[in-house]
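Undergrad: Mind folding the following:
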Amino acid sequence: MNTLFLIWRWVGRQGVKKEYPTELVKNIEFINQATFLTFSITFSTTFVIYSYFHNFYQVFFNVFLAANYLSVFLFNRLGFHHLAKIVLFTVAIVNTFLASSSFGYESSTHFTYIIIIFATILNFSRAEMRSLLFLLFAIVLSLLVLIFTDFSLLLIPNISPLQQRVTSWIIVYFGIVGSVIVAYFYIQKFTKQMVLVEKSNRQLQGKFDELQKLNTELDRFVYSVSHDLRAPIASVLGLVYLGKRTQDVTEIHQYLNLQEKSLKKLDSFIADILSYSRNKRSEVQIQSIDFEQELANILSIHAQYEASLQIQTAIYVEQKNAFFTDKLRLVTALNNLISNAFRYQNPYEKNPFVKIEVKVSPKEAILKVIDNGIGISKEHLPRIFEMFYRATEKTTGSGLGLYIVKEVIEKLQGRLEVDSEIGKGTTFTIIIPNLESLTANS
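TA: Next comes the predicted model:
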């Protein structure tokens, strides 16, 4: 049985090349295997016809048809796959016509046309419509000739009703086998088309969702940028106007300090926009990262908060293996989270702290930024990663920080989790994979 399967598989692969798409490969395999089956039937019935009916003309026709079936293999091996299909179905039509007109109506040979029609429709695409119409026309024409000649154009002389019934049984048997093969191919092809359609629908839905998201983000972006850019500028212009109307040096210094604050806010907002743009457009640059060193660098940037608010800081890093990721993106995300941890401390907390915990394994890294600040209420948690969303009126940020963090972590194929409670603090957890394997492949 295994040998037969290997032969069947080998027959199907004749003329198949590695670069061929799956659909073409399946089509060639079907044509080859159908040709092998019909050739075997035609060749074997030649001996039956000779010994049972002693009809030399029918034997000659069968040998001629068997030789034409073999040419289908040749055309497929030479790469003429479309021609191979036309030859196969043309020979099948001629074979059915000759058998039907030789054995008569009672033999039921003409029912083979049904199998040929289904197989033809299945194997020819819309681009091959002319060939399909030609073959269907040939089937209709041969059926009309059979009807008008009363299925007796080449009728074997002195054929008995018993011989016709035996022929009918043979035709029915091979018809069932052929129908099963055609049905199998049809189901396989239909199933594959349904899978492709479902895959295409998922891709289209994904594109549609992505476009909707981009459209929503664009609307928010235009509105927020226009507001957040104009607000500091309007503030500075107002302070300049007031500064021109006074000669008091103390007031002028006060106005200058307020201008500096507004301009720093504007600068921070522009920096967030640049981070957002960079994350969207640039490719992931994978390199090794030393978490302890990078976290120390980030904390040094926020030293003024640490000193002025007497915030206790702690770094716990457990890293025994090399870890690869996009260092610039990850540092940007951590900087945003740590900056927020300092910025939103609870002024009534006696022992404010910011802790960063990192646990690195060969597979992934788990990073936690923990604080005991003002916290985030449960009603705001589902929306804190939206573009320009602000969870508190006290914020001085752009509303882009956490959105950028989420986008960055997704770009690094990781995930971001948050746990927070009002008055008790917040914990952000980043889980990112080690991209060392991608580095090795590149």
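Undergrad: how about the residue nearest to residue 295 when sequence neighbours are not counted, what does it touch?
TA: In this structure, residue 295 finds its nearest non-sequential neighbour in residue 315, 5.1 Å apart by C-beta to C-beta, 6 or more residues apart in numbering. In short, each C-beta sits where N, CA and C put it, glycine included. Contacts were defined as C-beta atoms under 8 Å, 6 or more residues apart in numbering; by that measure residue 315 touches 292, 295, 296, 299, 355, 356, 358.
Undergrad: so of these, which ones are in helices?
TA: The helices, defined by DSSP state H, take in 292, 295, 296, 299 from these.
Undergrad: Can you check the pLDDT for the nearest residue to the last one once chain neighbours are set aside?
TA: Right, the one you point to is residue 299. Closest residue to residue 299 apart from its sequence neighbours, by C-beta to C-beta, 6+ apart: residue 313 at 5.7 Å. On the pLDDT scale, residue 313 is placed at 88.
Undergrad: Let's test this: mean pLDDT of the helix or strand harbouring residue 114, rounded?
TA: Using DSSP states H and E, residue 114 sits within helix 112-123. Throughout helix 112-123, pLDDT has a mean value of 80.
Undergrad: cool, and stretch 425-436?
TA: 91.
Undergrad: Of all the residues in it, which ones are buried?
TA: Using 16 or more other C-beta atoms under 10 Å as the test for burial, stretch 425-436 gives 425, 426, 427, 428, 430, 432, 433, 434, 435, 436.
Undergrad: Compile these into a markdown table and extend it with columns for secondary structure and distance to residue 287.
TA: As requested, these are exported to a markdown table (DSSP: H, G, I helix; E, B strand; the rest coil; distance: C-beta to C-beta, whole Å):
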| residue | secondary structure | distance to residue 287 |
| --- | --- | --- |
| 425 | strand | 33 |
| 426 | strand | 29 |
| 427 | strand | 28 |
| 428 | strand | 23 |
| 430 | strand | 18 |
| 432 | strand | 14 |
| 433 | strand | 15 |
| 434 | coil | 12 |
| 435 | coil | 9 |
| 436 | helix | 11 |
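Undergrad: Now do residue 401 against residue 337, distance only.
TA: Note on residue 401: its distance to residue 337, by C-beta to C-beta, to the nearest Å, is 8 Å.
Undergrad: Check the secondary structure at the residue nearest to residue 295 for me.
TA: State at residue 315, reduced to three classes by DSSP: H, G, I helix; E, B strand; the rest coil: strand.
Undergrad: State the helix or strand in which residue 28 lies.
TA: Secondary structure from DSSP H and E places residue 28 in helix 22-53.
Undergrad: Please, where are all the strands along this protein?
TA: Using DSSP state E, the strands found in the chain span residues 287-288, 312-318, 324-325, 353-360, 364-371, 415-421, 425-433.
Undergrad: gap between residue 360 and residue 317?
TA: For residue 360, the distance to residue 317 (C-beta to C-beta) stands at 8 Å.
Undergrad: okay, and the common contacts of those two?
TA: Residues within reach of residue 360 and of residue 317 at once, by C-beta under 8 Å, 6+ apart, are residue 291.
Undergrad: mind checking pLDDT for residue 361?
TA: 91.
Undergrad: That one: how many residues sit nearby?
TA: For residue 361, the number of neighbouring residues by other C-beta atoms under 10 Å comes to 13.
Undergrad: just residue 148 next, same as before
TA: If we define neighbours as other C-beta under 10 Å, then residue 148 has 9 of them.
Undergrad: quick one, what contacts it?
TA: Applying C-beta under 8 Å, 6+ apart, no residues contact residue 148.
Undergrad: before we move on, what about the one 3 residues further on?
TA: Remark: with contacts taken as C-beta under 8 Å, 6+ apart, residue 151 is in contact with 100, 101, 104, 105, 110.
Undergrad: hang on, residue 433 packs against residue 362?
TA: No. With contact defined as C-beta atoms under 8 Å, residue 433 does not reach residue 362; the gap is 10.4 Å.
Undergrad: Mutual contacts of these two, please.
TA: Counting by C-beta under 8 Å, 6+ apart, nothing touches both residue 433 and residue 362.
Undergrad: Just the CA atoms of stretch 25-36, as CSV, please.
TA: C-alpha atoms of stretch 25-36 as CSV (Å, rounded to 0.1, in the frame of the first residue of the first chain):
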residue,chain,number,x,y,z
VAL,A,25,1.1,22.5,-7.9
LYS,A,26,-2.2,21.1,-6.8
ASN,A,27,-3.6,21.6,-10.3
ILE,A,28,-0.7,19.8,-12.0
GLU,A,29,-0.9,16.9,-9.4
PHE,A,30,-4.5,16.5,-10.2
ILE,A,31,-4.0,16.5,-14.0
ASN,A,32,-1.1,14.0,-13.7
GLN,A,33,-3.0,11.6,-11.4
ALA,A,34,-6.2,11.8,-13.4
THR,A,35,-4.2,11.1,-16.6
PHE,A,36,-2.6,8.1,-14.9
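Undergrad: what's the burial count for the residue lying closest to residue 91 once chain neighbours are set aside?
TA: In space, residue 91 comes closest to residue 68 once its chain neighbours are excluded; the distance is 4.5 Å by C-beta to C-beta, 6+ apart. For residue 68, the count of nearby residues is 19 (other C-beta under 10 Å).
Undergrad: which residues of the stretch 201-350 of the chain score low on pLDDT?
TA: Confidence mapping of the stretch 201-350 of the chain against pLDDT under 70 gives the ranges 217-232, 234-235, 239, 241, 262, 264-282, 304-309.
Undergrad: at 90 instead, please
TA: Along the stretch 201-350 of the chain, the parts satisfying pLDDT under 90 run over 201-287, 289, 293-313, 319-320, 326-350.
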